[in-house]
Each structure stands twice: as structure tokens, then as C-alpha cells.
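Everything below, folded, please.
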Amino acid sequence: VRQCPRLCTDERRTALRRQEEAWGLQWIRSGEFTTWAETARVDGAPRYGLVYLSYWRSVPEDAIDRQLVLRMTAPLDRADEVRKVAASVREATFTI
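From the prediction side, this is the model:
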């Protein structure tokens, strides 16, 4: 979790996202405050990888002020478990 300066604008969120490596993949945007990338090859080996970034409020009803980064890898046959963890984190930090 990182602090995003007050008034966490789209430009600031983009700058923070660029600090994260996504195995050279295109980021997928899922709403205004969430991006992610996934792959079936990590460092040239068959392995599932997921990077999930989300921005959220540390105080309900206040301004967006946090960036959450979740980076996970697992054997390919465990990809569904990684996705479940990411979904759980997404639900806990969902911002409207």
C-alpha cells in the first residue's frame, strides 16, 4: 500500500502505475480506479502471474488517497486460487 498525494488525480495514478512492472504486458483497466495484468509465463517459465493495482479511500467518503499493489505468482494449476485472493482484495477495497 502506498500513499497517493491528496487529490490523487488520474495523472498521479498513472505515474504510480508506471512504477510497477507487469512483465511487459499491457495493463487492463477495470473501472476508473483499478488496473491489472496477468500472464501464463513469468521469467520465461510456465507460471501464472497477476499484478493488480487499485486506488481507494483510507477514510470512507473521503478522497482517494491510497494505492494498493497486489503481485502474485503461482504454478499454472493454482491460477484460480490467485484470482480468488485478488477478488477478495478487490471486494475489500472497492471504491465507488
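
Every contact and neighbour count from this point should use C-alpha atoms.
Will do.

Counting by contacts, list what the top strand by length along the chain packs against.
Across the chain, the longest stretch assigned as strand under DSSP state E is strand 45-56. Under the contact definition 3 or more CA pairs under 8 Å, 6 or more residues apart in numbering; DSSP states H and E, strand 45-56 sits against strand 34-42, strand 66-74, helix 79-93.

In JSON lines, list these along with mean pLDDT and distance to E20.
Converted to JSON lines, the helices and strands packed on strand 45-56 look like this (pLDDT from 0 to 100; distance: least, CA to CA, whole Å):
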{"stretch": "strand 34-42", "mean pLDDT": "93", "distance to E20": "11"}
{"stretch": "strand 66-74", "mean pLDDT": "93", "distance to E20": "8"}
{"stretch": "helix 79-93", "mean pLDDT": "90", "distance to E20": "17"}
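
Just put the ones you listed in JSON lines and tack on mean neighbour count.
Output for the helices and strands packed on strand 45-56, formatted as JSON lines (neighbours: other CA atoms under 10 Å):
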{"stretch": "strand 34-42", "mean neighbour count": "18"}
{"stretch": "strand 66-74", "mean neighbour count": "18"}
{"stretch": "helix 79-93", "mean neighbour count": "14"}
